[in-house]
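**Q** have a look at this prediction, sequence included:
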Amino acid sequence: MIPLLAASALAVNVTVFTNFNCGGTSAVFPADSSCHSFSGRNSFLVSDAAEHCVSVYSGAACESSTFQFPNPNQDGECTNIEASVIIQSFSASADNTCAN
């Protein structure tokens with residue numbers, strides 16, 4: 001019998017937070033390149049240090065790319081988004097390929 005790895009052990013997730021320093025209300029999203037709202041959020045962290053890229057956008061539908069965070073080796077470290085920067089959406093990939 002070949003042992004199977006649990007899907008959750010392989011998944012890279014992004015947790016977004018309403019407050020800076022990864023505080024307040026949170027929501028978890030898979031790093032599957034789909035577009036998610038970042039409205040009302042101020043920080044994020046990636047579930048592990050696996051290859052990944054988080055792209056944040058000023059547009060609500062993942063348009064007008066503002067910043068990209070390719071494989072920042074976060075390993076549970078929080079990333080704050082400047083209060084002066086308006087970010088409406090984000091996408092994340094489970095490799096180091098950043099969306100445009």
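**A** Nice, thanks for sending it over. Residues are numbered from 1 along each chain as shown.

**Q** quick one: end-to-end distance for stretch 27-46.
**A** End-to-end distance of stretch 27-46 (CA to CA, to the nearest Å): 12 Å.

**Q** what does it rub up against?
**A** 11-24, 52, 54, 56-57, 60-62, 72, 74-81, 83, 87-94, 99 (CB atoms under 8 Å, 6 or more residues apart in numbering). All C-beta spots, glycine's among them, are computed from the backbone N, C-alpha and C.

**Q** identify the residue nearest the spatially most central residue of the chain in space, chain neighbours excluded?
**A** Nearest to the mean C-alpha position of the chain, counting by CA atoms, centre = their mean, stands residue 14 at 4.0 Å. Leaving aside its sequence neighbours, residue 14 sits nearest to residue 92 (CB to CB, 6 or more residues apart in numbering; 4.6 Å).

**Q** tell me which residues form a beta bridge with that neighbour?
**A** Beta-bridge partners recorded for residue 92 (DSSP bridges): residue 54.

**Q** that one touches residue 51, doesn't it?
**A** No: look at residue 92 against residue 51 with CB atoms under 8 Å: they stay out of range, at 11.3 Å.

**Q** and these two? Which one has more around it.
**A** Each of residue 92 and residue 51 has its neighbours counted (other CB atoms under 10 Å); residue 92 has more, 26 against 15.

**Q** tell me, how many residues neighbour residue 86?
**A** Residue 86 has 13 nearby residues by other CB under 10 Å.

**Q** which residues touch it?
**A** So residue 86 contacts residue 58 (CB under 8 Å, 6+ apart).

**Q** assumed it was part of a strand.
**A** No: counting by DSSP: H, G, I helix; E, B strand; the rest coil, residue 86 is not part of a strand but coil.

**Q** for it, give its distance to residue 93.
**A** Distance of residue 86 to residue 93, given as CB to CB, to the nearest Å: 23 Å.

**Q** thank you kindly, that will do.
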